[in-house]
Structure formats: structure tokens, C-alpha cells
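*Asks:* test case, fold it:
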Amino acid sequence: MVSSAKMSFPIKFWTLVVNALCLPLHVIRALGLYGVYKRIFPFCLKRISMSYNKKMHDNKAELFRSLSAFKKPGEQLTILEIGCGTGANFEFYPPGAKVVCTDPNPYFRRFLKDSMKKNNHLNYEQFVVAVGEDMASVGDESVDVVVCTLVLCTVRDIPQTLREAKRILKPGGALFFLEHVVANPSTWSYFFQHILQPFWFYFGDGCEATRETWKHLEAAGFSELNLRHIEAPLIFIIKPHIIGYAVK
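*Replies:* Residues are numbered from 1 along each chain as shown. Below is the predicted model:
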């Protein structure tokens with residue numbers, strides 16, 4: 001453990017250094033050329049998701065075991081996944097569930113089709129190209145569960161994304177989440193999260209490793225919030241996680 005006050009100046013200094021090293025990336029983004037990476041990112045995320053699922057299998061299995069509790073009697077469980085990516089969560093969903101997928105990157109469509117074929121225990125409704133802050137094509141109070149994993153680190157507006165989730169959820173429905181967050185300020189993980197953030201933003205297609213996401217969930221006005229902080233068996237920059245669900 002180290003004093004967060006002592007780390008303040010070194011964080012600012014080394015962040016400036018990393019920002020300078022990332023100058024070519026800043027220029028590429030300013031010129032509108034960064035969009036090319038969105039075509040490549042699904043290939044990268046496919047491999048990353050496979051590794052992540054192996055390391056986080058037990059955590060995901062435990063979390064999603066509660067999905068069926070939000071199924072209305074005599075009805076089909078409906079799930080909307082925000083930022084579905086390559087469909088890495090599909091294997092954990094209960095048989096017979098109806099799934100609606102959203103993601104702002106249309107190039108995930110190919111990988112979603114592969115995941116759908118492998119997970120034919122589910123009924124796939126549609127894939128909507130949309131950001132988490134604006135899912136207007138999804139009706140009010142239309143789903144039992146909203147799933148959000150490794151997504152709130154990339155959305156531009158967390159409170160608005162949570163408002164959209166609440167709008168879409170049926171009364172008594174739940175938002176399930178698994179997100180990496182900023183580390184304790186007295187740790188070296190916190191130090192390196194901040195100084196590497198300029199590079200990490202580009203590598204993770206807009207991912208921010210320094211967010212206090214739990215504070216937004218606490219302030220979102222859900223009737224019930226079940227949230228735990230855990231240390232995931234991952235690299236230091238995404239080791240701190242929060243996991244749980246919030247009931248509308």
C-alpha cells in the first residue's frame with residue numbers, strides 16, 4: 001500500500017508521458033481514421049472473451065444462475081444484452097430464453113451468428129445496432145432482464161445507460177452486471193490504471209479502467225441493489241471488478 005497523495009504528482013507526470021507516446025493515436029482519431037479499428041476489434045475481442053470466460057467461468061455461472069428468478073409465471077424469460085460483443089454470455093443463459101442483442105459496433109454480427117449456432121438452447125429475437133445511452137427501438141417495460149458485462153467502462157454516459165436499462169425493464173425486472181472498475185487509491189494497480197489509461201482507451205475501443213461504476217449504480221434509483229467487489233484473476237489493470245444485479 002502507498003499513499004494516494006504521494007502518487008498524485010507521479011500519476012500526472014507519467015500520464016503526460018504516455019499521452020505524448022500516444023500522440024500518433026490521438027492524431028489518427030482526430031482525422032477520423034480510428035474507425036478502421038472497429039473492423040479489427042471483434043477479432044481481438046473474440047480471443048479475449050474466450051480467455052476471460054475461462055478465468056471468470058465460476059463468477060459468471062454464479063451470477064447468471066439467478067436469471068430464471070425473474071421469469072414471469074407462464075411466460076418466456078426475455079433478456080436484453082447491452083454491448084453483446086461476440087456473444088460470450090450466451091452459454092450462461094437458461095434454456096428457452098428469448099434474447100435481444102444490442103451493440104454499437106455492427107461488425108460483431110458475424111461473430112454473433114457463430115455464437116447463436118453454438119448456443120441453440122436460446123431463441124434469438126434480433127440484433128440492434130445501438131449505443132447503451134439510446135436504445136429507442138426497444139420498447140418500454142419489454143424485457144425481464146438486462147445484462148451488462150464489461151460495457152459500462154466504454155459507454156459515454158453511465159447514468160443515461162442505466163436510465164435506458166430501467167426504462168426497458170418490466171416492473172420487478174433486473175439489471176445483471178459484471179464490470180471492471182478502478183482500484184483502491186492506495187494500490188499500485190490504481191497508479192498504473194491511470195498512467196496507462198491513454199493507451200488503454202485505444203486498445204479497448206474506448207474502454208476506461210478508472211471508473212467508479214458502483215457509485216452510478218448506487219445512485220440510479222433501483223429498488224434493490226446486490227453488489228459485491230471482487231478481485232478477478234486477470235491482469236492488474238482490469239483486476240478489480242463489481243458483480244451483482246439491481247432490481248427495478
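*Asks:* CA only for contacts and neighbour counts going forward, please
*Replies:* OK.
*Asks:* who are the packing partners of the strand ranked longest in the chain?
*Replies:* Counting residues, the longest strand found in the chain (DSSP state E) is strand 169-180. Where contact means 3 or more CA pairs under 8 Å, 6 or more residues apart in numbering; DSSP states H and E, strand 169-180 is packed against strand 143-149, strand 240-247.
*Asks:* out of those strands, which gets nearest to Thr187?
*Replies:* When the helices and strands packed on strand 169-180 are compared by CA to CA, strand 240-247 sits nearest Thr187, at 11.2 Å.
*Asks:* tell me the angle whatever helix or strand Thr102 lives in makes with strand 143-149.
*Replies:* Using DSSP states H and E, Thr102 maps to strand 98-103. With axes from the mean of the first three to the mean of the last three CA atoms, to 10 degrees as the basis, strand 98-103 and strand 143-149 are set at 40 degrees to each other.
*Asks:* just the helices in the protein please.
*Replies:* Residue ranges of the helices in the chain, as given by DSSP state H, are 4-21, 23-30, 37-55, 57-64, 109-118, 158-168, 188-203, 213-218.
*Asks:* for those, which has the smallest mean pLDDT value?
*Replies:* Per-stretch mean pLDDT for the helices of the chain is lowest at helix 4-21 (a mean of 79).
*Asks:* which residues sit against that helix?
*Replies:* By CA atoms under 8 Å, 6 or more residues apart in numbering, the residues outside helix 4-21 that reach it are 185-186, 191, 194-199.
*Asks:* now those residues as a markdown table including neighbour count and distance to Gly74?
*Replies:* Formatted as a markdown table, those follow (neighbours: other CA atoms under 10 Å; distance: CA to CA, whole Å):
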| residue | neighbour count | distance to Gly74 |
| --- | --- | --- |
| Pro185 | 16 | 48 |
| Ser186 | 15 | 50 |
| Phe191 | 25 | 51 |
| His194 | 21 | 49 |
| Ile195 | 20 | 52 |
| Leu196 | 18 | 50 |
| Gln197 | 20 | 47 |
| Pro198 | 25 | 49 |
| Phe199 | 19 | 49 |
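*Asks:* quick check: the two most widely separated of these?
*Replies:* Ser186 and Phe199 (22.2 Å).
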